[in-house]
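Visitor: what would the 3D arrangement of this be:
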Amino acid sequence: MNYIGDLNNQSVLSPLHAAGGVGLRTRLDSRWALRVDASYGRISCDKDYVKLRNLSFRSDIFELSALAEFNFRPFGPGATESVWTPYIFWGIGVFHHNPMALCVGADGDQQWVALQPLCTEGQGTSLYPERRPYTLIQLCMPFGVGVKWRISKTFSLAAEYGFRKTWTDYLDDVSTTYVDASLLEKEVIDGDVAVRLSDRSGEVEAGYVNDAGIKRGDDSLKDWYVVMNVSLGVSLETMFGWMRPKRCKL
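Guide: Okay, here's the model as predicted:
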């Protein structure tokens, strides 16, 4: 799993992380199938493409999605169907995310701190009432391409590459502009931590601070994440005889 957003200039160059999941698929016919997937992974960016901005994050993603698949060749356990096929998929999903940053304390101790409660861009404060705190549960639209191979009547392999379009710009906790440090200190719980994590430029160039109103992110573009996987499919119908029509004995 990886991420596309403000910290990597909307490219797919962010670090890749291991992910995993399970799913159930039902074939409507040899071309169409419906499936439900549950997956877990991590996205992050530890090297901001704007060096002086120096922001970073990581976030664990829990996703539940419902998808439709279309096979370009007839595919299934039958002898007359193709051994392999390319396919496309699309659907709707819901995911939970929680962007965090590594904070170094005055004593040198390091700990991962959740960024959403810190309102790093002034969300919910008196000067920015229009910036509402983002929710950690969001919708996504999964879509992508893949290839399936039939190993036997019971087992198959699939490799796919899928995008997740989201409707949030806060997968990375970066979207709009910097705000005044005194506002965060006054109105945010753990205001001193919020100040340190909202503007980390001073860690790169001593004494440098971004003034309120300077662009911190690009709110005209939403964040995305990408899921690549190789999966093993097991046909419950052929393995256990589920859903096979029973024949009457004469």
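Visitor: wait, Lys51 sits on Glu203?
Guide: No: counting by CB atoms under 8 Å, no contact exists between Lys51 and Glu203, whose distance comes to 11.1 Å. All C-beta spots, glycine's among them, are computed from the backbone N, C-alpha and C.
Visitor: now the helices for the protein?
Guide: In chain order, the chain shows helices spanning 181-187, 191-198, 236-240, with DSSP state H as the criterion.
Visitor: show me what the first one is packed up against.
Guide: What it means is helix 181-187. Under the contact criterion of 3 or more CB pairs under 8 Å, 6 or more residues apart in numbering; DSSP states H and E, the helices and strands touching helix 181-187 comprise helix 191-198.
Visitor: now do the buried residues in the element among helices and strands of the chain having the smallest mean pLDDT.
Guide: Among the helical and strand segments of the chain, the one scoring lowest on mean pLDDT, DSSP states H and E is helix 236-240, with a mean of 80. Neighbour-count burial for helix 236-240 flags Glu237 (criterion: 16 or more other CB atoms under 10 Å).
Visitor: out of the helices of the chain, flag the one nearest Phe89.
Guide: helix 236-240 (20.1 Å; CB to CB).
Visitor: C-alpha coordinates for the closest one, CSV please?
Guide: Taking C-alpha atoms only, helix 236-240 is exported to CSV below (Å, rounded to 0.1, in the frame of the first residue of the first chain):
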residue,chain,number,x,y,z
LEU,A,236,-15.7,-23.1,-1.8
GLU,A,237,-18.1,-24.6,-4.3
THR,A,238,-15.6,-27.1,-5.7
MET,A,239,-13.8,-27.7,-2.4
PHE,A,240,-16.8,-28.4,-0.2
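Visitor: so the residue nearest the centre of the chain bridges to which residues?
Guide: Centre of the chain computed as the mean C-alpha position; nearest residue by CA atoms, centre = their mean is Tyr225, 4.2 Å away. Going by DSSP bridges, Tyr225 is paired in beta bridges with Tyr3, Arg164.
Visitor: test my guess that it contacts Lys165.
Guide: No: when contacts are counted by CB under 8 Å, Tyr225 is not listed as touching Lys165 (9.4 Å).
Visitor: thought Glu185 was touching Arg196?
Guide: No: the pair Glu185 / Arg196 is not scored as a contact, 10.7 Å apart, by CB under 8 Å.
Visitor: give the residue from those two that has the larger number of neighbours.
Guide: Between Glu185 and Arg196, counting by other CB atoms under 10 Å, Arg196 is the more crowded of the two (21 against 13).
Visitor: now stretch 144-155: mean pLDDT?
Guide: Within the predicted structure, the mean pLDDT of stretch 144-155 is 94.
Visitor: what's the end-to-end length of it?
Guide: Taking CA to CA, to the nearest Å, the first and last residues of stretch 144-155 lie 22 Å apart.
Visitor: that one: how far from the chain's middle?
Guide: The gap between where stretch 144-155 is centred and where its chain is centred comes out at 25 Å by CA atoms, centre = their mean, to the nearest Å.
Visitor: what does stretch 172-186 give?
Guide: Using CA atoms, centre = their mean, the offset of stretch 172-186 from its chain centre is 24 Å.
Visitor: in that stretch, what counts as buried?
Guide: Of all the residues in stretch 172-186, those buried under the rule 16+ other CB under 10 Å are 172-179, 181, 183-184.
Visitor: would you reformat the residues you listed as JSON lines and include distance to Met141 and pLDDT?
Guide: Below are these laid out as JSON lines (distance: CB to CB, whole Å; pLDDT from 0 to 100):
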{"residue": "Asp172", "distance to Met141": "19", "pLDDT": "97"}
{"residue": "Asp173", "distance to Met141": "22", "pLDDT": "98"}
{"residue": "Val174", "distance to Met141": "22", "pLDDT": "97"}
{"residue": "Ser175", "distance to Met141": "20", "pLDDT": "97"}
{"residue": "Thr176", "distance to Met141": "23", "pLDDT": "97"}
{"residue": "Thr177", "distance to Met141": "28", "pLDDT": "97"}
{"residue": "Tyr178", "distance to Met141": "31", "pLDDT": "97"}
{"residue": "Val179", "distance to Met141": "31", "pLDDT": "96"}
{"residue": "Ala181", "distance to Met141": "37", "pLDDT": "94"}
{"residue": "Leu183", "distance to Met141": "35", "pLDDT": "95"}
{"residue": "Leu184", "distance to Met141": "34", "pLDDT": "95"}
